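Novice: Provided below are the primary sequence and the corresponding predicted coordinates.
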Amino acid sequence: MNIATATIGSTIVGSNIDDYSDPDGKKQIQKYTNEGKLPPDLKKGQNRFLVNSWNQIKNLLANAGLPSNVIDFAAAQVLFETANLKSHISKADYNLSGIKWINKPYQKATKGSAAPEGGNYAHYASYNAWATDFKRVLSIGGNNSPLNATSIEDYVSRLVANHYFTSSPAAYLAGLKKILSAMNALSNQQQGEHTKAIIDQATGGNPFRAWWDNRSTLEKTGVGVLAVLVGLKLLK
C-alpha cells in the first residue's frame, strides 16, 4: 500500500461496520455493537487494522527522516492526536498531528480546516508532505527538540516546552503511554500468531513430527533403543 495516496485509518471498528464481515451477517454485528461488544473475528480485524496502520505510520516517519529513538513516541502521538485515525483532518487535510497552517513558504501546506481554538490546520498534498513538516515541527529547539528525547516522558516534556499542545501534560503523557503499551502488546500478539502460522504450515501443526521426519535412520534407531531401555528400567 502506498501510504502517500492511501487513506490510512479510514475506518475503525464501530464507525463503519460495512467494512467488516461476519458469518452471521451485518445484523449480528450490529447486535454485538449495540451491546457494546465485538465479535471475536471482528475484534481480530480491528487489531490487524491498528497494527498495520501503526507500522505504516512508523515507516512514514522513518522515511521522513525521524530518528529511530523517537519514532514510536511520534507514532503514538499520531494515534492520540487523531483519536486512532478517526479525526476529520487526518483524512480531509492529510494532517495526522494537528499542525496549524502558518502561511510561511517553508511550510509546504495550504490553508486547511478551521481549528476550534482559532486559526486553521495545515492542509497537505499527501501524508508524505505532512511527515516532512512534522519533522520540521519536532526539530524546533535544536538540541532540546523532541527529536532528541530519550524517553516518552522526555518527549512530552519537550513538546510542552515548544508549546505544542495546551491540554494537561499529565493527561497527554498518560494517553501516549497507554497507546504505546497497547500497540506493543498487539504487535507482539500479531507477530506470535504469524510465527505460529508459519510453523504450523511447515509442520502440519506438529513440530515434533517435523523434527522426527528430519532424523536419520541411525538417529531414529538410537531413540527407539533408548525408549526400550527406559521402559525396562521403569518395569524393575
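Specialist: Happy to help now that I have it.
Novice: mind listing what the spatially closest residue to Leu138 that is not a sequence neighbour touches?
Specialist: Closest residue to Leu138 apart from its sequence neighbours, by CB to CB, 6 or more residues apart in numbering: Pro146 at 4.6 Å. Heads up, the C-betas are built off the backbone N, CA and C, glycines and all. Shown in contact with Pro146 (CB atoms under 8 Å, 6 or more residues apart in numbering): Val70, Phe73, Ala74, Leu138, Tyr155, Arg158, Leu159, Asn162, Tyr164.
Novice: would you reformat the residues you listed as TSV and include distance to Trp54, pLDDT and secondary structure?
Specialist: Formatted as TSV, the contacts of Pro146 follow (distance: CB to CB, whole Å; pLDDT from 0 to 100; DSSP: H, G, I helix; E, B strand; the rest coil):
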residue	distance to Trp54	pLDDT	secondary structure
Val70	15	96	helix
Phe73	13	96	helix
Ala74	12	96	helix
Leu138	18	95	helix
Tyr155	17	96	helix
Arg158	22	95	helix
Leu159	20	94	helix
Asn162	24	90	coil
Tyr164	21	87	coil
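Novice: phi and psi next, for the residue nearest to Leu138.
Specialist: phi -60, psi -20 (degrees, to the nearest 10).
Novice: what subset of the contacts of Pro146 is buried?
Specialist: Val70, Phe73, Ala74, Leu138, Tyr155, Arg158, Leu159, Tyr164 (16 or more other CB atoms under 10 Å).
Novice: pick out whichever of the residues you listed sits closest to Asn128.
Specialist: Closest approach between these and Asn128, by CB to CB: Ala74, at 14.9 Å.
Novice: now the helices for this structure?
Specialist: Here the chain has its helices, by DSSP state H, at 26-34, 40-63, 68-81, 88-92, 127-138, 152-161, 169-203, 207-213, 217-235.
Novice: for the residue nearest to Leu138, give its distance to Pro116.
Specialist: Between Pro146 and Pro116 the distance is 24 Å, computed by CB to CB, to the nearest Å.
Novice: likewise for Glu81?
Specialist: On the measure of CB to CB, Glu81 and Pro116 end up 14 Å apart.
Novice: compare the two (neighbour count), which wins?
Specialist: Glu81 (21 against 6; other CB atoms under 10 Å).
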